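Undergrad: Have a look; sequence and predicted model below, questions after that.
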Protein chains: 2
Amino acid sequence: MSAADPLANVRVVLCGTAHPGNIGAAARALKTMGLSRLVLVAPQRFPDPQAEWLAVGAADLLHAARVCSSLDEALEGSVFSVACSARVREIATPMVTAREAAARIAEVARSQPAALVFGNEAYGLTGAEVRHCQLLATIPANPGYTSLNVAAAVQVLAYEVRLALHGDEAPRERAQPLASHEELERFYEHLERTLLATGFLNPSCNKKLMPRLRRLFGRARLEEEEISILRGLLKSLVRPRQR
Amino acid sequence: MSAADPLANVRVVLCGTAHPGNIGAAARALKTMGLSRLVLVAPQRFPDPQAEWLAVGAADLLHAARVCSSLDEALEGSVFSVACSARVREIATPMVTAREAAARIAEVARSQPAALVFGNEAYGLTGAEVRHCQLLATIPANPGYTSLNVAAAVQVLAYEVRLALHGDEAPRERAQPLASHEELERFYEHLERTLLATGFLNPSCNKKLMPRLRRLFGRARLEEEEISILRGLLKSLVRPRQR
């Protein structure tokens, strides 16, 4: 089951979900993060039009979802499973944050199947369910209100797993060519000349003005096109005004 | 407006939201992450029982929400605003990932008000709205299906902002006292003695067995109570069997 994309090795198991809308929203959350394997343990209403409605473009994951009667059945073949829970328990399963859990899942999923397990909306995972997993993950939250919706929790964990496996990269912006050193220097020269001409820059007492302006434009990392805009602007300032 | 908790300096602005359920789910997402300031720009239906229903325990944020007619009004007093969008645009606003954007928001929010801005469910933020912000944030997603629900996107960004300001910490587990060095050594001694007695350990050819077992138990970081369980177990192995 180790696939080209290790995200295919990560299954998400929802136990005893009460509201089909949450199953649909979870499917959508999975698909946005490139996960595809949804397993449902004893869902209270499934299939259901509410699930389809909230899945929007992720209905394919609902149709491919495996429905099981027990967590053991859902975890068959998985070598590492993480229980996701907001509640702190005394029991023995070691607890880490969502980010750390995602790193551990990613490590395994590069070569073997792993699972993320979520509980029922009202009471979460039972102690017995948590003990079937190797790790307990918790999403850091407001101590006064830790009640994440189950699909929201799935979204956060799926997001962390995606980042752990694919890195935190923004899609490339259409590259705008940056101005070269010479272009920049010509611009600064033009700027200084203009400020002298307008009288704004008095070279005997304003020694810090040009360095400040260089700092500002340097921070902005000017593009070629922006340099022409700025130089056009400078030119317009000293051109004799027309009526 | 700089408060004791910098999370109070972060407002979340929802522009032209169509479904009141998404406003409620967003309020819940905010509250779970300790954010409290919700601003709605021209919501299509608000207030609405659907919003209350999906806010669950976060209805207080809905009641305190500010409703504005323009994004400019919503951003009044904010010194740094981040547009959240799935779409890659050609326009000039610099784009970073959600995590990087959260770090930038956190930097500002330690002393001054900042804003996260989200668009309408169907068409996101307009170009004009994005240009009112200083930064464009994108959540890394499946290139084949980037369609995060707006409340799910709010959840991810709010989560990242919380982590950027409060760190990625799991609530403390009830500390179980770990076994001391002497207790561990007495256990290894007991284990070795037992394995010699049962004949499993042959000291002339099995030189690697004890180091392997030390490695295993060392990795598990044994607790005091576990040592007594294991030593009880060892004792039971060499005790003359009873009928």
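TA: All right, it came through fine.
Undergrad: alpha carbons only for contacts and neighbour counts from here, please
TA: OK.
Undergrad: residue boundaries of the strands in chain A?
TA: A:10-15, A:37-41, A:66-68, A:80-84, A:95-97, A:114-118, A:135-138 (DSSP state E).
Undergrad: any idea of the angle the second one forms with strand A:10-15?
TA: Strand A:37-41 runs at 20 degrees relative to strand A:10-15, counting by axes from the mean of the first three to the mean of the last three Cα atoms, to 10 degrees.
Undergrad: coming back round to it: would you list the strands of chain A in CSV and tack on mean neighbour count and mean pLDDT?
TA: Formatted as CSV, those follow (neighbours: other Cα atoms under 10 Å in any protein chain shown; pLDDT from 0 to 100):
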stretch, mean neighbour count, mean pLDDT
strand A:10-15, 26, 98
strand A:37-41, 24, 98
strand A:66-68, 16, 98
strand A:80-84, 25, 94
strand A:95-97, 22, 90
strand A:114-118, 27, 97
strand A:135-138, 24, 92
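Undergrad: Close to chain B: what parts of chain A are there?
TA: Within reach of chain B by Cα under 8 Å from any Cα of the partner chain, chain A has these residues: A:28-29, A:31-34, A:57, A:88-90, A:95-97, A:99, A:138-142, A:145-149, A:152, A:155-156, A:159, A:162-163, A:168-171, A:173-174.
Undergrad: List the residues that contact the residue nearest the centre of chain A.
TA: With distances taken as Cα atoms, centre = their mean, residue A:159 lies nearest the centre of chain A, 5.1 Å away. Listed by Cα atoms under 8 Å, 6 or more residues apart in numbering or on different chains, the contact set of residue A:159 reads A:33, B:140, B:141, B:156.
Undergrad: who are the neighbours in contact with the residue nearest to the last one when sequence neighbours are not counted?
TA: Pointing back at residue B:156 there. Spatial nearest neighbour of residue B:156, excluding adjacent residues (Cα to Cα, 6 or more residues apart in numbering or on different chains): residue A:156 at 5.9 Å. The contact partners of residue A:156, taken as Cα under 8 Å, 6+ apart, are A:98, B:155, B:156, B:159.
Undergrad: and those, which two are the farthest apart?
TA: With Cα to Cα as the measure, no two of the contacts of residue A:156 lie farther apart than A:98 and B:155, at 13.7 Å.
Undergrad: thinking again about what came up before, separation between the residue nearest to residue B:156 and residue B:81?
TA: Computed as Cα to Cα, to the nearest Å, the residue A:156 to residue B:81 distance reads 23 Å.
Undergrad: now do residue A:20
TA: For residue A:20, the distance to residue B:81 equals 36 Å [Cα to Cα].
Undergrad: cool, residue A:117 as well?
TA: Residue A:117 is 36 Å from residue B:81, by Cα to Cα.
Undergrad: what's the pLDDT at residue A:119?
TA: Per-residue pLDDT puts residue A:119 at 96.
Undergrad: If you could redo that for residue A:240, that was the one I meant.
TA: Looking at residue A:240, its pLDDT reads 59.
Undergrad: show me where chain A has helices.
TA: With helices called from DSSP state H, chain A shows them at A:20-32, A:49-55, A:59-64, A:71-74, A:98-109, A:127-131, A:150-166, A:181-198, A:209-220, A:224-238.
Undergrad: Packed most tightly, which of those would that be?
TA: Mean neighbours per residue, mean count of other Cα atoms under 10 Å in any protein chain shown, is largest over these for helix A:20-32, with a mean of 27.
Undergrad: Where does pLDDT dip in chain A?
TA: A:1-3, A:88-92, A:171-175, A:239-243 (pLDDT under 70).
Undergrad: make it 80
TA: Low-confidence segments of chain A (pLDDT under 80): A:1-4, A:86-94, A:169-177, A:219-221, A:236-243.
Undergrad: if you skip the residues just before and after it, what's nearest to residue A:99?
TA: Nearest non-adjacent residue to residue A:99, counting by Cα to Cα, 6+ apart: residue A:160, 5.9 Å away.
Undergrad: The one you found contacts residue A:97, doesn't it?
TA: No - using Cα atoms under 8 Å, residue A:160 makes no contact with residue A:97, being 10.5 Å away.
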